[in-house]
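**Student:** compute the structure for the input listed below.
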Amino acid sequence: MKIFKPEIFQGSLNKNSYFEGWYFKHVSTDQKQVYAFIPGISLTKDDSHAFIQIINGLTGETHYIDYSIDQFRWSKNELNIQIGDSIFNESSIDLNINSKNITVNGRLEYSELSKYSKTLLSPGIMGWYSYVPFMECYHGVVSANHIISGSLNINSVASDFTNGKGYIEKDWGTSFPECWIWVQSNSFSTKTASVFVSIAKIPWRGKFFMGFIAFLYLNGKYYKFATYNNSKIVDVNLKGNKLKIDLKNHKYQLSVLIKTNNAGDLIAPVRGNMTRRIKESIDSEVNVILTNKKGEVIFKDYSKTSGLEIVDKIFDYL
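**Tutor:** The predicted model follows:
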């Protein structure tokens, strides 16, 4: 069943007002190269196409390369998609992008993937919401943490990612939420650590609720915080360029403090159309602390190559 494989292509080319996209993030071992590649499709009445978005995390430079829909191919049983001459799967990416403003060629291989845990009641990061039909956007985490080997030639300049860190997630549906916060990082001094937080305004039966999904992955264990497991938002506030998020469940509290840096323009879906512009940073700085109910610190670390999106009037609803 597709629901137990959120990483694979969930749609069909017969859909309308539909999008699906995968997010492959790469950070070199010296953290001087930070790139995300976002392959996907947009299915609409007037402009169905495939695309690859690129963001340089250190400069905020972005590119959107579109392809005819017949240049999109996929596997039915595993994450293995091809757009043009570029191939994306769980174990590697082969990039052959030659557009007017950017060329990217090379191969990166992934090892020691930390896949998100799955159960019958929780087949992915959305928990039992994975079973709810007609939600505007579904989310999946493919690998919270993995090791990269290989290099890319980007505009004829070699970028070595060997022993760097990688991360893969994805989204699919009709539209991104009206507003949201997204935080992600796995470039900590603690090599096994990875953090993810998403808070969004979710349409629900003609109304809405503020939903969230989050985790800290550490030494093979997922510490999960989500609406569906009765976790709570303790605090979310933005002062200047500093965002603070505190979440708690029945055993732990997760505190995330983010300092925003360079942000680039990405294109996001509205009813399948890739027409909405949002801002994303991949070089924001994040401090993460996990404590137990006694206040004892289980994890504390810092990363300077963190993903961050704060979109539209999210604080009006928190």
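**Student:** contacting residues for residue 282?
**Tutor:** Each residue near residue 282 by Cβ atoms under 8 Å, 6 or more residues apart in numbering is listed here: 25, 34, 36, 55, 57-58, 305-308. The way it works is simple: take the backbone N, C-alpha and C, and place the C-beta from them, glycine included.
**Student:** looking at these, state which has the most neighbours.
**Tutor:** residue 306 (29 neighbours; other Cβ atoms under 10 Å).
**Student:** ok, it - contacts?
**Tutor:** For residue 306, the contact set (Cβ under 8 Å, 6+ apart) comprises 183-185, 187, 258, 281-286.
**Student:** just the buried subset of those, please.
**Tutor:** Using 16 or more other Cβ atoms under 10 Å as the burial test, those include 183-185, 187, 258, 281-286 as buried.
**Student:** ok, the residues you listed vs residue 119, which is closest?
**Tutor:** Set against residue 119, the nearest of these by Cβ to Cβ is residue 184 (22.8 Å).
**Student:** restricting to C-alpha, output stretch 290-301 in CSV.
**Tutor:** This file holds the C-alpha atoms of stretch 290-301, laid out as CSV (Å, rounded to 0.1, in the frame of the first residue of the first chain):
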residue,chain,number,x,y,z
LEU,A,290,15.9,18.1,25.0
THR,A,291,15.0,17.7,28.7
ASN,A,292,13.0,15.2,30.6
LYS,A,293,10.2,16.0,33.1
LYS,A,294,12.8,16.5,35.9
GLY,A,295,14.5,19.2,33.8
GLU,A,296,17.6,17.0,33.2
VAL,A,297,19.3,17.7,29.9
ILE,A,298,19.3,14.7,27.5
PHE,A,299,20.6,16.6,24.5
LYS,A,300,22.1,20.0,23.8
ASP,A,301,23.8,21.0,20.6
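**Student:** distance from the chain centre to it, please.
**Tutor:** 25 Å (Cα atoms, centre = their mean, to the nearest Å).
**Student:** same question, stretch 35-42
**Tutor:** 10 Å.
**Student:** avg pLDDT for that stretch?
**Tutor:** Mean pLDDT, stretch 35-42: 98.
**Student:** contacting residues around that stretch?
**Tutor:** Under Cβ under 8 Å, 6+ apart, the answer for stretch 35-42 is 11, 13, 18-26, 48-57, 69, 72, 81, 83, 86, 88, 93, 95, 104, 152, 154, 159, 266, 269, 272-274, 282, 307.
**Student:** so which of these belong to strands?
**Tutor:** Judged by DSSP state E, the subset of those located in strands is 18-26, 49-56, 72, 81, 83, 86, 88, 93, 95, 104, 152, 154, 159, 266, 269, 273-274, 282, 307.
**Student:** can you classify the closest residue to residue 150 other than its chain neighbours by secondary structure?
**Tutor:** Distances taken as Cβ to Cβ, 6 or more residues apart in numbering place residue 108 nearest to residue 150, at 4.2 Å, with adjacent residues excluded. Three-state call for residue 108 (DSSP: H, G, I helix; E, B strand; the rest coil): strand.
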